[in-house]
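Asker: The sequence isn't on hand, but the structure is:
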């Protein structure tokens with residue numbers, strides 16, 4: 001079924017968003033952040049959320065596989081079953097200004113999620129995610145409980161870790177959400193590497209140092 005036009009968007013924008021979503025999903029595999037189908041990506045177009053389907057390898061996705069739901073999770077585009085993590089994605093869209101969400105089981109992020117309740121502030125790029133990254137308590141995948149735990153861990157942040165599970169980040173675009181996921185996994189890898197040296201403990205940044213970094217990051221890059 002295809003009720004895309006009912007949701008205030010044209011087929012061209014949906015097709016372009018789906019193409020970008022598939023490219024982002026494939027990139028997560030190429031970059032080693034996802035193995036098999038152990039991750040999912042979504043992007044919001046109007047009030048419709050395009051999302052990777054359940055159990056389909058990313059390299060097999062075609063333009064005809066577009067899968068879309070409304071904000072209540074009702075399927076409005078395509079015939080494939082959406083990712084089992086749909087409740088978590090929808091909870092993020094309902095409670096933040098997210099336009100794209102990336103969830104992976106990246107190995108460094110998942111490893112850190114089993115060790116701490118918050119990623120130690122080992123690098124100033126934590127400020128790019130809003131501050132120290134929290135770990136959402138464990139709940140079974142695909143449950144409303146996991147969705148609620150995730151939303152709480154995201155308060156004031158654009159990324160979090162999920163205990164014994166993985167990581168989730170969001171952004172205003174797919175590229176921004178993806179970059180945050182890659183950055184988060186890199187920070188986890190950095191902390192694991194530094195903290196594994198016998199007899200030495202990594203220095204951590206103070207709250208003031210992170211706040212200063214956040215202010216500087218807001219003005220970073222090219223100005224139009």
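Answerer: Yep, it's here. As the structure is a computational prediction, the values presented were derived from the model and not from experiment.

Asker: how close does residue 44 sit to residue 104?
Answerer: The spacing between residue 44 and residue 104, counted by CB to CB, to the nearest Å, is 19 Å. From N, CA and C alone the C-beta is placed, and that goes for glycine too.

Asker: Which one's more surrounded, the two?
Answerer: Neighbours were counted for residue 44 and for residue 104 using other CB atoms under 10 Å; residue 104 has more, 28 against 22.

Asker: Bridged to that one, which residues?
Answerer: residue 39, residue 167 (DSSP bridges).

Asker: so what's the spatially closest residue to residue 172 that is not a sequence neighbour up against?
Answerer: Residue nearest to residue 172 in three dimensions, not counting chain neighbours: residue 99, with 5.2 Å by CB to CB, 6 or more residues apart in numbering. With contact set as CB atoms under 8 Å, 6 or more residues apart in numbering, residue 99 has these partners: 43, 44, 170, 171, 172, 173.

Asker: Going by neighbour count, which of those are buried?
Answerer: For these, a burial check counting by 16 or more other CB atoms under 10 Å picks out 43, 44, 170, 171.

Asker: Give me the secondary structure label for the third one.
Answerer: Spelled out, that is residue 170. Taking DSSP: H, G, I helix; E, B strand; the rest coil as the rule, one finds residue 170 in the strand state.

Asker: The second one too?
Answerer: Judged by three-state DSSP, the three-state class of residue 44 is strand.

Asker: quick one: it from residue 215, how far?
Answerer: 28 Å.

Asker: re earlier: of the contacts of residue 99, which is the nearest to residue 164?
Answerer: Among the contacts of residue 99, residue 170 lies closest to residue 164 (CB to CB), at 21.1 Å.

Asker: how about stretch 75-92: buried residues?
Answerer: 75-78, 80, 82-83, 85-92.

Asker: How about stretch 21-38?
Answerer: Within stretch 21-38, judged by 16+ other CB under 10 Å, the buried ones are 21, 22, 24, 25, 26, 27, 28, 29, 33, 34, 37, 38.

Asker: Adding distance to residue 164, write these out as CSV.
Answerer: CSV is the format used below for those (distance: CB to CB, whole Å):
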residue, distance to residue 164
21, 27
22, 28
24, 25
25, 23
26, 26
27, 25
28, 20
29, 22
33, 17
34, 17
37, 19
38, 13
